[in-house]
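Student: after the sequence you'll find the predicted model.
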2 protein chains.
Amino acid sequence: MILLDGKKTAADIKEEIALEVANLKNQSKKTPHLAAIIVGDNGASITYVNAKVKACERVGFESTLIRLAEDISEKELLNEIERLNVDRNIDGFIVQLPLPKHIDEQKVLMAVDPEKDVDGFHPTNVGKMALNLPTFISATPFGILELLERYNVRTSGKHVVVLGRSHIVGSPMSILLSQKRTVGNATVTMCHSRTKNLKEITLQADIIIAAIGIPEFLKADMVKDGVTVIDVGITRLKDASKKNGFKLVGDVAFDEVSKKSEFITPVPGGVGPMTIAMLLKNTLLACERVNY
Amino acid sequence: MILLDGKKTAADIKEEIALEVANLKNQSKKTPHLAAIIVGDNGASITYVNAKVKACERVGFESTLIRLAEDISEKELLNEIERLNVDRNIDGFIVQLPLPKHIDEQKVLMAVDPEKDVDGFHPTNVGKMALNLPTFISATPFGILELLERYNVRTSGKHVVVLGRSHIVGSPMSILLSQKRTVGNATVTMCHSRTKNLKEITLQADIIIAAIGIPEFLKADMVKDGVTVIDVGITRLKDASKKNGFKLVGDVAFDEVSKKSEFITPVPGGVGPMTIAMLLKNTLLACERVNY
């Protein structure tokens, strides 16, 4: 069993990006600048967006954090987005989700200039992804592709089973892995809540992408020997034995499934750490378009 | 065995559209206007685009056919597209493919205003489709959904196997059928040239969408009893016994597979006739946005 170490891989990627930034500086070129908009005081969102800003600083990016009040109007938020769209100093920006209920999330995502949409959530970028055209692939799917590539996990001709059809993970993974690309060319089965005889299907899988948000859903009796497992789930469960009172659990019963696995991601330390690294990579790409 | 009669269904849809147009006229509202651009003298393309224009006339749409010379520059073609983008009298328009080699097809498709892109080929519309947002679904996938719906073919919880990952048929079908929608909620396996043990997979399918362009590829020993088969393929084969010297053959060995099928589309007369009907439906939708 080989652990797909997202923490280490993400650190490698950040180091590569830091080198690139140093190069840009040496050549007196523009360095990447990421802006992040956060609306309201949701604790988890603030923690997450702060981690993104800190990661920017560590690799030498410029960063701007824009905190807006919970009761900001949709119109004002759209104005703020337009300001970032036209600001030539900003290469890419993100709007931290979720947004307060009085704001139409889809409308906001649509307002971001696709050229600066480093989250890859704008329909134009989702469409380019589906058409296998160059674009910003959103962080979690991009991170999974990168992890598979760096560990030389072969996907061509393999049977991939994706569990969960979310727009953020499951659906794009199913699209990407079936395309003609280095990490791709797989036969992909997309499963979800309406799937019948799920176990029959997972037992056929060479690679399983679990992204359903049900802790320890995938058990050892549902996988064949030599399977590769990517666990995207992350749920906090109470655990009195832990200092902070909880443990993080994925969608996979790691202890038992890992025994049958060729490759497997741990939780935490698997897919999670890759997402910020890939956001940085997208921002670097956005800046390179300006530089060349 | 029940034949999924695309010819009859398409005729029904056109009749419904004609009634809608009559209603619009009675209310003195704008009637749909479709424009089609064709570049060069490709015989098949001209036949096809003429059929579209004629179909417009029959349901009461206005139509404009714009024929451009084979040697038109990309710039001139893009200017023509921009002219249609801003022409308020045109609700939707299409650029007949393929284009001459000196023109970048992707650039041209990207130039069409997504609001008028009734072919549904613009990345923004492909992205909206992938995100299950209201959009123009391109004609062939839209036609297949409509055919399944009108014949009450249940897809929820069924195992659909899609053969062929083209951007025009296979890939969008795999996305659409796995989504939460009336005709959807299926477990979908996307197969293609790199798929191994294909027969093992097709034998598990409740529904097969064959879109690979290999005549009579799907044989009876590859499907289970009670399968539903949608045949998107259409190839001309020489046939001396026919008046015109050829016959049209699908991707499915119809005679043998139909004996095991619950529902099956014939070729010709299955998916083919549906595409023009759905193009008209998209144009009607585009016009309704103007009217309301």
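Tutor: Cool, got the structure.

Student: going forward, measure contacts and count neighbours with C-alpha atoms only.
Tutor: OK.

Student: so whichever residue of the stretch 151-292 of chain A sits closest to chain B: helix, strand or coil?
Tutor: Closest residue of the stretch 151-292 of chain A to chain B, Cα to the nearest Cα: residue A:189 (4.0 Å). Here residue A:189 is strand, with the state taken from DSSP: H, G, I helix; E, B strand; the rest coil.

Student: that one pairs with what?
Tutor: When assigned by DSSP bridges, residue A:189 has beta-bridge partners residue A:161, residue B:189.

Student: ok, it to residue B:161 distance?
Tutor: Using Cα to Cα, to the nearest Å, residue A:189 is found at 9 Å from residue B:161.

Student: helices along the stretch 1-150 of chain A, start to end?
Tutor: For the stretch 1-150 of chain A, the helices defined by DSSP state H, counting those that start in this stretch occupy A:6-26, A:43-59, A:74-86, A:105-111, A:123-130, A:139-150.

Student: so for stretch A:173-183, first residue to last residue, what's the gap.
Tutor: 11 Å.

Student: what residues of it count as buried?
Tutor: With burial defined by 16 or more other Cα atoms under 10 Å in any protein chain shown, the residues of stretch A:173-183 counted as buried are A:173, A:174, A:175, A:176, A:177, A:178, A:179, A:183.

Student: how far away is residue A:277 from residue A:18?
Tutor: From residue A:277 to residue A:18 the distance is 11 Å (Cα to Cα).

Student: and for residue A:214?
Tutor: 36 Å.

Student: so the two - more neighbours on which side?
Tutor: More neighbours surround residue A:18 than the other of residue A:214 and residue A:18, with 19 against 15 (other Cα atoms under 10 Å in any protein chain shown).

Student: once you drop chain neighbours, what's closest to the more buried one?
Tutor: Excluding its sequence neighbours, the residue lying closest to residue A:18 (Cα to Cα, 6 or more residues apart in numbering or on different chains) is residue A:59, at 4.3 Å.

Student: quick one: residues contacting the one you found.
Tutor: With contact taken as Cα atoms under 8 Å, 6 or more residues apart in numbering or on different chains, residue A:59 is in contact with A:14, A:15, A:17, A:18, A:21.

Student: TSV for those residues, including pLDDT?
Tutor: Output for the contacts of residue A:59, formatted as TSV (pLDDT from 0 to 100):
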residue	pLDDT
A:14	98
A:15	98
A:17	98
A:18	98
A:21	97
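
Student: save the residues you listed as CSV, and put in distance to residue A:127 too.
Tutor: Shown next, in CSV, are the contacts of residue A:59 (distance: Cα to Cα, whole Å):
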residue, distance to residue A:127
A:14, 28
A:15, 31
A:17, 27
A:18, 30
A:21, 30
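
Student: just the buried members of these?
Tutor: Buried, going by 16+ other Cα under 10 Å: A:14, A:17, A:18, A:21, out of the contacts of residue A:59.

Student: show me which of those is closest to residue A:96.
Tutor: residue A:14 (21.1 Å; Cα to Cα).

Student: which SSE is residue A:228 in?
Tutor: With secondary structure defined by DSSP states H and E, residue A:228 is part of strand A:227-231.

Student: can you name every helix or strand that that strand contacts?
Tutor: Counting by 3 or more Cα pairs under 8 Å, 6 or more residues apart in numbering or on different chains; DSSP states H and E, the packing neighbours recorded for strand A:227-231 are strand A:207-210, strand A:261-264.

Student: and with 10 Å instead?
Tutor: Contacts defined by 3 or more Cα pairs under 10 Å, 6 or more residues apart in numbering or on different chains; DSSP states H and E place strand A:227-231 against strand A:2-3, helix A:139-150, strand A:159-163, strand A:207-210, helix A:254-257, strand A:261-264, helix A:271-291.

Student: list of residues touching the next helix or strand after that strand?
Tutor: Next helix or strand after strand A:227-231 toward the C-terminus (DSSP H and E): strand A:235-238. The set of residues external to strand A:235-238 that reach it, using Cα atoms under 10 Å, 6 or more residues apart in numbering or on different chains, is A:213-216, A:244-251, A:267-268.

Student: sheet partners, orientation included, of strand A:235-238?
Tutor: Take DSSP bridges as the rule and strand A:235-238 pairs in its sheet with strand A:246-249 (antiparallel).

Student: tell me the domain ranges of chain A?
Tutor: Segmentation of chain A into domains, based on automatic domain parsing, reads A:27-113, A:139-273.

Student: tell me which of these approaches residue B:32 most closely.
Tutor: domain A:27-113 (27.1 Å).

Student: mind checking how far that closest one is from the chain centre?
Tutor: 17 Å (Cα atoms, centre = their mean, to the nearest Å).

Student: what separates the first and last residues of it, distance-wise?
Tutor: Domain A:27-113 has its terminal residues 28 Å apart, counting by Cα to Cα.

Student: related to what we said a few turns ago, tally of neighbours for the residue of the stretch 151-292 of chain A closest to chain B?
Tutor: Neighbourhood size, residue A:189 [other Cα under 10 Å]: 26.

Student: so who does it touch?
Tutor: Counting by Cα under 10 Å, 6+ apart, residue A:189 touches A:159-163, A:174, A:178, A:201-202, A:205, A:208, B:159-161, B:174, B:178, B:187-191.

Student: let's see the strand holding residue A:228 as PDB, backbone CA atoms only.
Tutor: In PDB, the C-alpha atoms belonging to strand A:227-231 read as follows (Å, rounded to 0.1, in the frame of the first residue of the first chain):
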ATOM      1  CA  VAL A 227      -7.800  -0.800  -5.800                       C
ATOM      2  CA  THR A 228      -6.700   2.800  -5.800                       C
ATOM      3  CA  VAL A 229      -8.800   5.100  -3.500                       C
ATOM      4  CA  ILE A 230      -9.100   8.800  -3.500                       C
ATOM      5  CA  ASP A 231     -11.100  10.000  -0.500                       C
END
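
Student: next, the angle from that strand to helix A:139-150.
Tutor: Counting by axes from the mean of the first three to the mean of the last three Cα atoms, to 10 degrees, strand A:227-231 points 150 degrees away from the direction of helix A:139-150.

Student: got a list of what residue A:74 touches?
Tutor: A:80, A:100, A:102, A:103, A:104, A:105, A:107, A:108.

Student: ok, of the residues you listed, which come out buried?
Tutor: A:100, A:103, A:105, A:108.

Student: assign residue A:241 to helix, strand or coil.
Tutor: On the basis of three-state DSSP, residue A:241 is classed as coil.

Student: same thing with the one 3 residues further on?
Tutor: Following three-state DSSP, the label given to residue A:244 is coil.

Student: returning to that earlier point: mean neighbour count, the helices of the stretch 1-150 of chain A: which tops it?
Tutor: Across these, averaging neighbours per residue (mean count of other Cα atoms under 10 Å in any protein chain shown) puts helix A:123-130 on top, at a mean of 24.

Student: does that helix reach chain B?
Tutor: Yes - using Cα under 10 Å from any Cα of the partner chain, helix A:123-130 reaches chain B at A:123, A:124, A:125, A:126, A:127, A:128, A:129, A:130.
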